[in-house]
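Asks: below are the sequence and a predicted model for it; my questions follow.
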Amino acid sequence: MNKFFALIIWGSMALTANAQTPAIPVAMAFGKVDNADLEMKSCDFEKDANAEVLFDKASVYFDQQYNIVTERHKRIKIFNDHGKDEANIRIEYYSYDHGEYITGLQAQTINLTNGAVEIIKVDKKQIFTEVVDKTRSALVFSFPNVKPGCIIEYKYRLTVNNVWDFPDWYFQGDLPTRYSELSTNTPDILTYKELANVHSPYVTNKTSSSNTLTRALANIPSLKDEPYMDSRNDNSERILFQLLSIRIPGYFSPNFQDSWGKVGVNMMDSEDFGGQLNRKLAGEEVIITKAKAMKTDDEKIAYIFGEVKNTMKWNDLYKISSYDGMPKAWEKKTGNSAEINMVLYHLLTKAGVKAHPMMVSTRKNGRINPVYPSINQFNSMVVYIPVDSAKNYVLDATDKYNCYTQTPSKYLNSFGLSMDKTTDSYKLEFLQELKPVRQVVLISAEIKPEGKMSGTADISSFSYNRTYLVSKYKIDGEKKYIDYMRDDNNSMKISSIKFEGMDVDTLPLRQKFDFNLDLTGGDDNYIYFNSNLFTDLKKNPFLSEDRSTDIDFGYRDNYSITGIFKIPAGYKVEALPKSINMAIPDKSITFKRFVAADEGQIMVRLNVDHKQSMYFKENYPEFREFCKKMYEMLNEQIVLKKS
């Protein structure tokens, strides 16, 4: 009997141990599928996912010619109709001079039909090669017979003939991933530096006898979009690779990018970039002569910047080089971001303005890592003008609403690489805006006994706020702009709108208008209203309890709202928000409210001041708690009662 109970206890312990140590997921051979995966209804660790990556496996090695070969196999489970878009595959690669090519593509859909596994292969005639631009192509195809419950999988081999282009690996993506594995094997003559952003524990991290290093993660959640997050790539769990050395006696490559100086030299020596900057433009003499006659550099900059902005149209492509040549882009009056700003740089320098080409990265593309010298981090070019030791201009002529005195917001909080070939100077410059960007709202209104508010608003918008509103008004038109200002509130009507400073980009935008608002929620005895009008501070974007990315506003902002409201005769104040000063523990955000009532009027002053442009995810709990309280106070009602 004692042995019997001992066996039961031992068995229970074994079951408990097994339950506490779940099996590590694995990648299976192409075409071999587990019925449990076909029958699976949802992702175990992310229940609301529309699809799940069952595994994504890559093996990277070098062939005898030192080409980099990547063999990749990916399998995806589709849970519902919303996940069917995952069946449209696009694999981009650099095809210029046959630098990269894809072979061995196989793809198939796997369904469970009447209890039997059904496999439908992608017809090779339905696989297309699409030319993206001068340097890139894409392999494009879609899976057949895709429906909820199916599995799709594909594999291919990518060959790259450049040892500098070792592929980066992203464990995390738009879908939850059950298993992601990277195996690498590099020859002894090559040394690569790794920049890893991996905070989950590896389920596999081992080196084989053949020197193959295998690393894997399991049950990786999808990377969700969060308010004011920066680049998705920056926040994904990943490993980046950079070539550090080639140990071959007597071997030297002029393209070796082991410093930012060499990155800059390579760009200035390339025909598609540095080779374009001094090429003559048709009719340039007229612009240059007029600019040279101006007294100050600022006058020259403003004039030439305006000429390029208004002459050339951006084709919506961010690029770091010219494809057809800068003169041809000028002739066609259209070009990518590099071509347009090459024209700007060329004209400025010809007019005598000291300017440098600068490589930059948009916020969506990702922040520049200063310890990772690589041209691949950049996706655009601008013009950098050092005015003095404390002041500089960063010019981007792709957007006609940009102002030459302010760095475009999409490049802020990252680095730009300034390049000056004449002095052999190549420097990373941190792009930021230290001054708060102001928005001032003044309201004068009267509350009517029938539960209506009528009055005037006077709004002054500075810097980036100005740029945003001017572009919105000119692109959308007045009707849509008014809908935006009233926040699509059908109880609000705006009329007699007038602007000052609309066409002078160095001045704030001032707008004045009349408004009428039907107040809701009241009755014959009570009137309710909120003084927080004509701002974007009504809805709290930070409701989620958890956050996985930093908050990047781009720049500091300062809101100031002052309202004076006349109370109708026969009413008195029943409830009035209290005056308050509130700050986050580190004082990086402050909220102030002053409220006073006297002689039939109520005055409310609100001020929100962000003293930083970035807030780290580690401090999100206190940031969220502050925002929760602040938005509640911003939307607190004033109550009037019939006396």
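Replies: The structure has been received and is ready for your questions.
Asks: where in the protein is pLDDT low?
Replies: Regions of the chain meeting the criterion pLDDT under 70 cover residues 1-23, 96-98, 249-257.
Asks: try 80 this time
Replies: Low-confidence regions of the chain, defined here as pLDDT under 80, cover residues 1-26, 96-98, 134, 248-258.
Asks: can you pull out the helices in the stretch 501-643 of the chain?
Replies: For the stretch 501-643 of the chain, helices defined by DSSP state H, counting those that start in this stretch occupy the ranges 620-634.
Asks: now the phi/psi pair for the residue nearest the centre of the chain, please.
Replies: Centrality entry for the chain: nearest residue to the mean C-alpha point is Lys364, 2.8 Å, by C-alpha atoms, centre = their mean. The main-chain torsion angles of Lys364 are listed as degrees, to the nearest 10 and equal phi -70, psi -30.
Asks: do the one 4 residues further on as well
Replies: In terms of degrees, to the nearest 10, the main-chain angles of Ile368 are phi -80, psi 130.
Asks: before we move on, what about Lys300?
Replies: The phi and psi values for Lys300, taken as degrees, to the nearest 10, are phi -60, psi -50.
Asks: try Glu153
Replies: Dihedral angles phi and psi of Glu153 (degrees, to the nearest 10) take the values phi -150, psi 150.
Asks: so it versus Tyr481, what's the distance?
Replies: 49 Å (C-beta to C-beta, to the nearest Å). Placement of C-beta: from N, CA and C, glycine included.
Asks: higher neighbour count, those two?
Replies: Glu153 (22 against 18; other C-beta atoms under 10 Å).
Asks: which residues does the residue lying closest to Tyr631 once chain neighbours are set aside contact?
Replies: Ranked by C-beta to C-beta, 6 or more residues apart in numbering and with sequence neighbours excluded, the top spatial neighbour of Tyr631 is Asn540, at 3.9 Å. Residues counted as contacts of Asn540 (C-beta atoms under 8 Å, 6 or more residues apart in numbering) are Cys627, Lys628, Tyr631.
Asks: dump those to TSV, plus distance to Leu442 and neighbour count.
Replies: Formatted as TSV, the entries for those read as follows, by distance: C-beta to C-beta, whole Å; neighbours: other C-beta atoms under 10 Å:
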residue	distance to Leu442	neighbour count
Cys627	25	18
Lys628	28	13
Tyr631	22	20
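Asks: just the closest of these to Ser208, please.
Replies: Ranking these by separation from Ser208, with C-beta to C-beta as the measure, puts Cys627 on top at 50.0 Å.
Asks: does that closest one really touch Phe542, like I thought?
Replies: Yes - using C-beta atoms under 8 Å as the test, Cys627 is close enough to Phe542 to be in contact (4.6 Å).
Asks: what ranges does the stretch 101-250 of the chain have for its strands?
Replies: Listed in chain order, the strands of the stretch 101-250 of the chain (DSSP state E, counting those that start in this stretch) span residues 116-121, 128-131, 136-142, 151-160, 169-170, 177-184, 190-197, 204-207, 213-220, 238-246.
Asks: quick one: distance of the helix or strand that the last one is followed by to the chain centre.
Replies: Following strand 238-246 in sequence order, the next helix or strand is helix 260-269 (DSSP states H and E). Averaging C-alpha positions (C-alpha atoms, centre = their mean, to the nearest Å) puts helix 260-269 26 Å from its chain's average.
Asks: and Thr349, helix, strand or coil?
Replies: Using DSSP: H, G, I helix; E, B strand; the rest coil, the three-state assignment for Thr349 comes out as helix.
Asks: how much space between it and Lys290?
Replies: If you measure Thr349 against Lys290 using C-beta to C-beta, the figure is 16 Å.
Asks: who's more crowded, the two?
Replies: Just comparing Thr349 and Lys290: by other C-beta under 10 Å the higher neighbour count belongs to Thr349, 17 against 14.
Asks: no further questions, thank you.
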